[in-house]
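>>> Can you look at this prediction? I've put the sequence above it.
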Amino acid sequence: MDDDDRPRPRGDSASRLAGESLDSYSQDELVARIELLEAEIARVTAHKAKTAAHMAAADALFRLKTP
């Protein structure tokens with residue numbers, strides 16, 4: 001079984017990031033962190049769109065055709 005097929009454990013990276021204290025970060029570090037997180041959001045959004053298009057193509061291919 002591929003690792004991608006396994007259920008994701010609770011407490012993934014995003015959850016850990018959300019719970020992390022930001023008190024020790026400087027303004028520059030916070031800006032860099034925001035830029036990194038925005039890039040990750042864009043990456044995930046693009047992947048979501050790609051998988052939605054793949055699912056739509058599969059649905060169209062396997063959809064029952066009614067006469």
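Now that the structure is in, tell me what you want to look at. Numbering: from 1, shown residues only.
>>> now the chain, which segments are flagged as low pLDDT?
For the chain, the stretches with pLDDT under 70 are 1-4, 8-11, 64, 66-67.
>>> repeat that with 80
1-11, 64-67 (pLDDT under 80).
>>> longest helix in it, by residue count?
If you go by DSSP state H, the chain has its longest helix at helix 27-62.
>>> Nearest to the middle of this protein, which residue? Look it up for me.
residue 44 (3.8 Å; Cα atoms, centre = their mean).
>>> I would like the residues contacting stretch 13-25, please.
Applying Cβ atoms under 8 Å, 6 or more residues apart in numbering, the external contacts of stretch 13-25 come out as 30, 33, 37. Quick note: C-beta positions are derived from backbone N, CA and C, even for glycine.
>>> Dump that stretch to PDB, restricted to CA.
C-alpha atoms of stretch 13-25 as PDB (Å, rounded to 0.1, in the frame of the first residue of the first chain):
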ATOM      1  CA  SER A  13       1.400  19.700   9.800                       C
ATOM      2  CA  ALA A  14      -1.300  22.300   9.300                       C
ATOM      3  CA  SER A  15      -2.800  21.600  12.700                       C
ATOM      4  CA  ARG A  16       0.600  21.900  14.400                       C
ATOM      5  CA  LEU A  17       1.200  25.200  12.600                       C
ATOM      6  CA  ALA A  18      -2.200  26.500  13.700                       C
ATOM      7  CA  GLY A  19      -1.400  25.700  17.400                       C
ATOM      8  CA  GLU A  20       2.200  27.200  17.300                       C
ATOM      9  CA  SER A  21       2.800  30.300  19.400                       C
ATOM     10  CA  LEU A  22       3.800  33.300  17.200                       C
ATOM     11  CA  ASP A  23       5.100  35.400  20.100                       C
ATOM     12  CA  SER A  24       8.800  34.700  19.400                       C
ATOM     13  CA  TYR A  25       8.700  35.700  15.700                       C
END
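>>> Distance from the chain centre to it, please.
17 Å (Cα atoms, centre = their mean, to the nearest Å).
>>> Check which residues of it are buried.
Buried residues in stretch 13-25, counting neighbours by 16 or more other Cβ atoms under 10 Å, are absent.
>>> okay, now residue 40: neighbour count?
By the measure other Cβ atoms under 10 Å, the count of residues near residue 40 is 13.
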